[in-house]
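Undergrad: here's a sequence, model it:
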Amino acid sequence: MRKTGFATIGTSEITEKFLQAAKEYPEFQYVAAYSRDIKKAEEFAGIHGAEKAYNSLDMLSADPEVEAVYVATPNHMHYEQVMKLLNAGKHVLCEKSLASNHREAEEMFQLAYEKKLVLLEAMRTAFDPGMEVIKKSLNRIGEIRKATFIYCQYSSRYDSFKEGTEHNIFSRECSAGALMDIGVYSIHTLLDLLGKPDTICGFSVMLRGEIDGAGTILAKYPDKIAEVSYSKITDSLLPNEIQGEDGVLQFWGNSNSPENVKIVFRDGREEILYHRETENAMKYELEHFLKMLHGKESAVRHTQRSLNALELMDEMRKQCGISFPADIK
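TA: Numbers count the residues shown, from 1 in each chain. You can find the predicted model right below:
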């Protein structure tokens, strides 16, 4: 497979983690780093081996050596940046949440379709091998009746937020909050494993600035119910759990990537289905993105799941009174 020239937008820890994962793929060629601060861009490029640094998105978009871009900026910036990149003919791997709302995502995917480009939400759980094991094992627990998907992780920035410091991840102006930052993982898991629910009912714990710190979504299907629980202000020690009439499938993982999967059958038997040590799971989404770029895989089902997720999240925000400036554009 030939080399593909990549640029990155954003110089945070998540971008560094992405570039660490990219080292496993010789076809990945790091070409350019972008930051609004040119000194940050130059420093980041130097550390990670890119020859170019930009603080102009127009200049980055015009670079013929850049074929694909990894976007890791605050949520509210995704729409404008991705649309500019797509219009310039670049493939885009964009961090979650892909957009501020469903309307933005529709426009982004429509443009990607028209330009014959790949736009993929960097949803690592969807590409994780542990998730594939779960999908293939669901028929072993009988008729599914109830499920709980949990991602609760006390934010390293929450203490300073409580003391008055403002952070992007607790900002409605940045289209952030618990739902958009980590609840999105469990929502994608819900959609991937059980499909789109008929109806939802949601509740949020609200913080200052009209942003959510935690929430719960109850999802109703014709023959089952599911709960999505997420928080940036508390931790959870509970596993994800899918309850069937013949047994219970449980899974745990770092940052919601399934690293341990087991079934407990009704007769008490337990079976370990999957186990791995904690690793950089971003490599899996990059692997599939590269395949999509070279026509070896389709992004269609991932596009639909991303659209369904944002539709569900829009409804959750409506029920809980969470609005973003991007909603009124």
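Undergrad: alpha carbons only for contacts and neighbour counts from here, please
TA: Fine.
Undergrad: show me where the chain has helices.
TA: When secondary structure is read from DSSP state H, the chain shows helices at 13-22, 38-48, 57-61, 75-87, 102-115, 124-127, 129-137, 158-162, 178, 184-194, 282-293, 300-320.
Undergrad: adding mean neighbour count, write those helices out as CSV.
TA: CSV is the format used below for these (neighbours: other C-alpha atoms under 10 Å):
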stretch, mean neighbour count
helix 13-22, 16
helix 38-48, 17
helix 57-61, 17
helix 75-87, 20
helix 102-115, 17
helix 124-127, 22
helix 129-137, 16
helix 158-162, 14
helix 178, 26
helix 184-194, 21
helix 282-293, 20
helix 300-320, 19
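Undergrad: for residue 250, find the nearest of the ones you listed.
TA: helix 129-137 (9.0 Å; C-alpha to C-alpha).
Undergrad: give me the helices and strands touching the closest one, please.
TA: Packed against helix 129-137 by the contact rule (3 or more C-alpha pairs under 8 Å, 6 or more residues apart in numbering; DSSP states H and E) you find strand 260-265, strand 270-275.
Undergrad: deepest in the core, which of the ones you listed is it.
TA: Highest mean neighbour count among the helices and strands packed on helix 129-137 (mean count of other C-alpha atoms under 10 Å): strand 260-265, with a mean of 20.
Undergrad: what packs against the lowest-mean-pLDDT helix or strand in the chain?
TA: Here the helix or strand of the chain ranked lowest by mean pLDDT, DSSP states H and E is helix 124-127, holding a mean of 93. The contact analysis (3+ C-alpha pairs under 8 Å, 6+ apart) places helix 124-127 against helix 184-194, helix 282-293.
Undergrad: next, format the helices and strands packed on helix 129-137 as a markdown table and append mean pLDDT and distance to residue 9.
TA: Shown next, in a markdown table, are the helices and strands packed on helix 129-137 (pLDDT from 0 to 100; distance: least, C-alpha to C-alpha, whole Å):
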| stretch | mean pLDDT | distance to residue 9 |
| --- | --- | --- |
| strand 260-265 | 98 | 33 |
| strand 270-275 | 98 | 33 |
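Undergrad: reformat these as CSV; add distance to residue 137.
TA: CSV is the format used below for these (distance: least, C-alpha to C-alpha, whole Å):
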stretch, distance to residue 137
strand 260-265, 9
strand 270-275, 8
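Undergrad: mind checking which of these is nearest residue 30?
TA: When those are compared by C-alpha to C-alpha, strand 270-275 sits nearest residue 30, at 31.7 Å.
Undergrad: partners of that closest one in the sheet?
TA: strand 260-265 (antiparallel) (DSSP bridges).
Undergrad: what angle separates the strand it pairs with from helix 129-137?
TA: Strand 260-265 and helix 129-137 meet at an angle of 20 degrees, taking axes from the mean of the first three to the mean of the last three C-alpha atoms, to 10 degrees as the criterion.
Undergrad: pull the distance from strand 260-265 to the chain's centre.
TA: 25 Å (C-alpha atoms, centre = their mean, to the nearest Å).
Undergrad: buried set for stretch 235-255?
TA: 239-244, 246-253, 255 (16 or more other C-alpha atoms under 10 Å).
Undergrad: now, which of those sits nearest residue 150?
TA: residue 240 (5.7 Å).
Undergrad: and the nearest residue to the closest one once chain neighbours are set aside, how far from residue 73?
TA: Nearest-residue entry for residue 240: residue 149, 4.8 Å, with adjacent residues in sequence omitted and distances by C-alpha to C-alpha, 6 or more residues apart in numbering. Look at residue 149 and residue 73: by C-alpha to C-alpha, to the nearest Å, they are 26 Å apart.
Undergrad: ok, residue 282 next?
TA: 16 Å.
Undergrad: quick revisit: biggest separation within the buried residues of stretch 235-255, which pair?
TA: Using C-alpha to C-alpha, the two most remote members of the buried residues of stretch 235-255 are 246 and 255, lying 28.5 Å apart.
Undergrad: count the neighbours of the closest residue to residue 243 other than its chain neighbours for me.
TA: Leaving aside its chain neighbours, residue 243 sits nearest to residue 146 (5.1 Å; criterion: C-alpha to C-alpha, 6+ apart). Using other C-alpha atoms under 10 Å, residue 146 is surrounded by 19 other residues.
Undergrad: let me know whether residue 44 touches residue 12 as I believe.
TA: No. Taking contacts as C-alpha atoms under 8 Å, residue 44 lies outside contact range of residue 12: 9.5 Å.
Undergrad: show me the contacts for the residue lying closest to residue 15 once chain neighbours are set aside.
TA: For residue 15, ignoring the flanking residues on the chain, the nearest one in space by C-alpha to C-alpha, 6+ apart is residue 72 at 6.5 Å. Counting by C-alpha atoms under 8 Å, 6 or more residues apart in numbering, residue 72 makes contact with 8-12, 14-15, 94-95.
Undergrad: hmm, try it at 6 Å
TA: By C-alpha atoms under 6 Å, 6 or more residues apart in numbering, residue 72 lies in contact with 9-10, 95.
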